[in-house]
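Visitor: Based on what follows, work out the 3D shape:
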Amino acid sequence: MNTNFTPKRVLFVAYQFPPAGGIGVHRVVKFVKYLPEFGWESSVLTVSNPSVPLTDNSHAADIPATTHVLRARTWEPGYHWKKKVSASHAPAQGKNPESMLKRLARTTANMLFQPDMQILWAPAAIAAGKKLLRKQRHDAIIATAPPFSSFYVGEQLARYAKLPLILDYRDEWGISNNYWENKQQDPLSRWIQTRMQARILRHADAALATTPSSCASIQQAADQAGATTRCEYIYNGYDPDDFILQGDSGGQLVRQDYGNGLDKFRLAYAGTLWNLNSIEPLVQGLERLGERSPRLLERVEFIVAGRRTAEQEQLLDRLAPLSCTCVRLPFIPHDEAVRLMQTSDCLALLNSNVPGAERIVNGKIFEYLASRKPFLLISPRGDMWELTADCPYALPCEPARPAEIAQGLADLVEQHRLGLQPLPPDWNPSRHERRHRAAQLAQLLQTVTNTSSLSPTANGKLQQQLQPHTL
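Guide: The predicted model follows:
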């Protein structure tokens with residue numbers, strides 16, 4: 001037995017990392033947490049002064065002591081400035097001077113800062129990354145995006161250190177530019193970024209997607225670029241440690257009362273609401289339910305937690321005349337969001353009916369699965385429908401069919417009114433645990449580094465985790 005085994009080390013380039021909040025930080029945090037079980041320690045190159053809308057310190061305990069976190073300063077303006085010129089800061093105001101100035105500022109920023117404003121982080125990040133790579137041995141680099149300037153930083157560091165590069169697409173580059181706030185682009189910017197992506201793909205050893213369809217789309221981009229990049233997909237997942245009941249009463253979670261009584265049917269959505277995850281289909285479903293069964297609608301308490309654009313707030317305003325209770329919460333930390341999931345009667349998942357949405361698998365779907373609660377899967381037919389085809393908790397509905405949404409809600413609310421508590425189905429979400437995803441990434445890292453020199457313990461765990469779970 002080799003007693004002199006030294007773990008391999010991978011450098012993550014991740015602009016979105018704690019204390020930044022939101023779903024974008026979870027993937028890297030959980031990889032970093034579980035990779036050591038499979039022979040890989042991690043370093044993380046991130047930003048010291050992130051210009052982001054959300055902060056969340058609930059992930060601190062997930063980061064192992066062996067993880068080296070290096071922070072480099074960005075020259076971006078603070079998020080308060082970004083918010084002032086944001087397309088979602090206020091409802092559209094036509095052609096008044098203020099709106100025109102905001103549009104001009106957004107257009108100018110999109111043209112000047114390629115591929116995104118986070119490119120202002122790149123000079124300091126590259127300098128800090130080179131210093132780290134000179135000081136400490138690393139075996140591979142993983143750059144995760146968006147923002148896609150992280151890919152540029154990762155490419156430059158991989159060239160400098162002559163290390164394998166893996167590009168982790170949390171979202172597709174094109175979908176991100178088409179739908180993200182303030183990112184609608186002019187033809188010149190699209191041309192520049194198409195060439196930029198092609199160049200980076202040609203240098204990368206592998207590209208990771210989060211869904212099968214996105215993997216195929218990225219493979220097509222690589223083929224068009226003349227790249228020989230290996231394209232794979234690794235789903236997101238859930239961490240069972242996040243779902244350990246912190247017992248309030250006999251090991252059971254007591255749900256928070258928002259002043260509307262605890263006997264109502266609680267429908268919850270936790271996450272950002274914007275054009276790619278619009279609340280409109282669910283609002284339409286609640287309106288239909290009110291038309292057909294007003295007494296059932298009275299029993300509904302709808303809780304929406306997270307950041308919302310002005311347009312989405314206007315859609316929620318349509319619920320005011322209805323008999324249901326609507327509670328609007330701001331962004332809540334991840335641990336509180338998990339608690340909300342566990343203490344609700346039904347959850348909602350939203351993907352708008354727009355091109356490309358069928359290839360998106362929302363990260364929170366895996367936590368919904370872990371919660372073992374019924375959830376309305378309001379999304380175009382695609383990867384999420386296929387992923388949950390065997391899940392008895394999923395209630396798939398197309399966004400353009402509010403009558404189906406209303407019917408699904410009516411059935412659940414009526415069961416709740418009658419006090420029906422069906423036995424939990426014999427279904428286990430454990431195949432979606434983050435530990436399995438880390439095992440998949442460790443296997444890919446071994447492949448791109450052409451190494452099998454893991455400790456016997458780590459190699460055994462890797463094979464055990466991968467046996468029923470392939471990339």
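Visitor: Could you list every helix and strand in contact with the helix or strand harbouring Ile175?
Guide: Secondary structure from DSSP states H and E places Ile175 in helix 173-179. Counting contacts by 3 or more CB pairs under 8 Å, 6 or more residues apart in numbering; DSSP states H and E, the secondary-structure elements packed against helix 173-179 are helix 187-203. Glycine gets a C-beta too; all of them are placed from N, C-alpha and C.
Visitor: For Ser43, what is the enclosing helix or strand?
Guide: Using DSSP H and E, Ser43 sits within strand 40-47.
Visitor: and that strand, average pLDDT?
Guide: The predicted model assigns strand 40-47 a mean pLDDT of 98.
Visitor: what's the offset of it from the middle of its chain?
Guide: 19 Å (CA atoms, centre = their mean, to the nearest Å).
Visitor: quick one: strands adjacent to that strand?
Guide: Each strand paired with strand 40-47, and its direction, by DSSP bridges: strand 8-13 (parallel), strand 68-72 (parallel).
Visitor: what's next to the first one, contact-wise?
Guide: Applying CB atoms under 8 Å, 6 or more residues apart in numbering, the external contacts of strand 8-13 come out as 28, 31-32, 35, 39-45, 125, 129, 132-133, 136-144, 150, 153-154, 157, 163, 445, 449, 451, 453-454.
Visitor: out of the strands paired with strand 40-47, nearest to Leu350?
Guide: Each of these was scored for nearness to Leu350 using CB to CB, and the closest is strand 8-13 (28.9 Å).
Visitor: Next, the angle strand 68-72 makes with the helix or strand just after that closest one.
Guide: Tracing the chain C-terminally past strand 8-13 and defining elements by DSSP H and E, one meets helix 26-34 next. Between the axis of helix 26-34 and that of strand 68-72 there is an angle of 150 degrees, by axes from the mean of the first three to the mean of the last three CA atoms, to 10 degrees.
Visitor: got a list of contacts for the strand holding Ser43?
Guide: The set of residues that contact strand 40-47 without belonging to it, under CB under 8 Å, 6+ apart, is 7-17, 20, 28, 31-32, 35-36, 64, 66-74, 118, 121, 125, 128-129, 132, 136, 138, 153, 157, 442, 445.
Visitor: now stretch 269-280
Guide: Contacts with stretch 269-280, where a contact means CB under 8 Å, 6+ apart, come from 22-23, 88, 179-181, 282, 302-309, 311-312, 315-316, 332, 337, 340-341, 347-352, 354, 357, 360, 362, 364, 399.
Visitor: Likewise for stretch 48-64?
Guide: If you take CB under 8 Å, 6+ apart as the criterion, stretch 48-64 is touched by 15-16, 18-22, 25-26, 29-30, 32-33, 36, 41-42, 69, 71-74, 76-79, 82-83, 117-118, 239, 241, 307, 331, 333-336.
Visitor: Next, Pro294: phi, psi?
Guide: Geometry field for Pro294 lists phi and psi as phi -60, psi -30, criterion degrees, to the nearest 10.
Visitor: typo on my end, Thr211
Guide: The phi and psi values for Thr211, taken as degrees, to the nearest 10, are phi -150, psi 160.
Visitor: Would you enumerate the residues in contact with it?
Guide: Tyr233, Tyr235, Arg359, Ile360, Val361, Asp383.
Visitor: Alpha carbons of the helix holding Ile175, as PDB, please.
Guide: Listed next in PDB are the C-alpha coordinates belonging to helix 173-179 (Å, rounded to 0.1, in the frame of the first residue of the first chain):
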ATOM      1  CA  TRP A 173     -23.300  31.000 -23.500                       C
ATOM      2  CA  GLY A 174     -25.900  31.800 -26.100                       C
ATOM      3  CA  ILE A 175     -28.900  31.200 -23.800                       C
ATOM      4  CA  SER A 176     -27.300  33.400 -21.200                       C
ATOM      5  CA  ASN A 177     -26.700  36.300 -23.500                       C
ATOM      6  CA  ASN A 178     -30.300  36.000 -24.900                       C
ATOM      7  CA  TYR A 179     -32.100  36.100 -21.600                       C
END
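Visitor: Now tell me what touches that helix from outside.
Guide: 115, 145-146, 148, 183-185, 190, 193, 197, 221, 274-276, 354-356, 359-360.
Visitor: Now restrict the residues you listed to buried residues only.
Guide: Members of the contacts of helix 173-179 that pass the buried threshold by neighbour count (16 or more other CB atoms under 10 Å) are listed as 115, 145-146, 148, 183, 185, 193, 197, 221, 274-276, 354, 356, 359-360.
Visitor: and the helix or strand containing Arg266, C-alpha only, in PDB?
Guide: Secondary structure from DSSP H and E places Arg266 in strand 265-270. Extracted in PDB, the C-alpha atoms of strand 265-270 (Å, rounded to 0.1, in the frame of the first residue of the first chain):
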ATOM      1  CA  PHE A 265     -52.300  24.800   1.700                       C
ATOM      2  CA  ARG A 266     -48.800  26.300   1.300                       C
ATOM      3  CA  LEU A 267     -47.500  26.700  -2.300                       C
ATOM      4  CA  ALA A 268     -43.900  27.900  -2.500                       C
ATOM      5  CA  TYR A 269     -41.500  29.200  -5.000                       C
ATOM      6  CA  ALA A 270     -37.900  29.900  -4.000                       C
END
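Visitor: For the stretch 351-471 of the chain, just list every one of the helices.
Guide: Under the criterion DSSP state H, counting those that start in this stretch, helices of the stretch 351-471 of the chain are mapped to 364-371, 383-387, 402-417, 434-449, 456-466.
Visitor: Please identify the most buried of the ones you listed.
Guide: Per-residue neighbour counts averaged over each of the helices of the stretch 351-471 of the chain give the maximum for helix 364-371, namely a mean of 23 (mean count of other CB atoms under 10 Å).
Visitor: mind listing what Phe366 touches?
Guide: Tyr235, Asn236, Gly237, Tyr238, Pro429, His432.
Visitor: Give me the neighbour count for Glu172.
Guide: If you count neighbours by other CB atoms under 10 Å, Glu172 ends up with 24.
Visitor: correction: Arg9
Guide: Close neighbours of Arg9, defined as other CB under 10 Å, add up to 18.
Visitor: Alright, I will stop here.
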